[in-house]
Structure formats: structure tokens, C-alpha cells
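[1] have a look; sequence and predicted model below, questions after that.
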Amino acid sequence: MLEGVIVFQHTNIGSKSEGLRPFLYTGNGQYMQVWKNGDISFIGSDLLPYDSKRVEIEGEMNEYDIFCISSIKIIETKETN
């Protein structure tokens, strides 16, 4: 299980595959490209509802170094006063 914040970043600038892609930000400047299993969109539309949300994800890394998400859950954060 991994934890972090889903963010969409502009990637492959100047190429035919240029566009937004989903990543998991895990802290300390570390980003991991992620994809939700079964998503057939070009930009990872299944993860758009999780954009900027802290999540727990389960899945596995594929041969292209993309973490394929089989399960995702939003982590509720407690507000501080």
C-alpha cells in the first residue's frame, strides 16, 4: 500500500504524446506515474476526482514503470485549529 497526493502534470512537452498525466506525489520531490486499471482515456480521467487529494493506493508496477492502481481510497485529513 502506498500513500500520497494525486496530481496531474504536463508531460512529454513537444511530442505527439504531450498532455496531462496522473502522478502520486509521495513527498521530498518524489513523483510516481500512476494509472487506474481499466481506464481507457488518454489522460487518466478515472483519477480526475482524486486530483489534489491524499490517497492510499494498492496495485503494482508495470513494465513501463507506471504504478497500476487496483484500489484507491481518499484519506480524510483532520483540520487543525
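    Perfect, thanks for sending it.
[2] quick one: contacts of stretch 12-23?
    With contact meaning CB atoms under 8 Å, 6 or more residues apart in numbering, stretch 12-23 is reached by 6-11, 31-35, 42-44, 47, 51. To be clear about C-beta, it is placed using only N, CA and C from the backbone, and glycine gets the same treatment.
[3] lowest-confidence member of these, which is it?
    Ranked by pLDDT, those bottom out at F42, which scores 87.
[4] that one: neighbour count?
    10 (other CB atoms under 10 Å).
[5] which SS class is it?
    Here F42 is coil, with the state taken from DSSP: H, G, I helix; E, B strand; the rest coil.
[6] low-confidence bits of this protein, can you list those?
    Applying pLDDT under 70 to the chain flags the ranges 79-81.
[7] sort out which residues of stretch 21-35 are buried, please.
    21-25, 32-35 (16 or more other CB atoms under 10 Å).
[8] out of those, which are inside strands?
    21-25, 32-35 (DSSP state E).
[9] reformat those as TSV; add distance to I57.
    Formatted as TSV, those follow (distance: CB to CB, whole Å):
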residue	distance to I57
R21	15
P22	11
F23	12
L24	7
Y25	12
M32	10
Q33	12
V34	7
W35	11
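[10] the residues you listed: which two are farthest apart?
    The span of these, defined through CB to CB, is set by Y25 and W35 at 15.4 Å.
[11] follow-up on the earlier one: what is the nearest of the contacts of stretch 12-23 to G59?
    V34 (8.0 Å).
[12] return the residues in contact with that closest one.
    For V34, counting by CB under 8 Å, 6+ apart, the contacting residues are 6, 22-24, 44, 47, 57, 59, 66-69.
[13] so P49, which state does it fall into?
    P49 - assigned by three-state DSSP - is helix.
[14] returning to what we had before: nearest to K78, of the contacts of V34?
    Distances from K78 to the contacts of V34, taken by CB to CB, are shortest for I6, at 19.4 Å.
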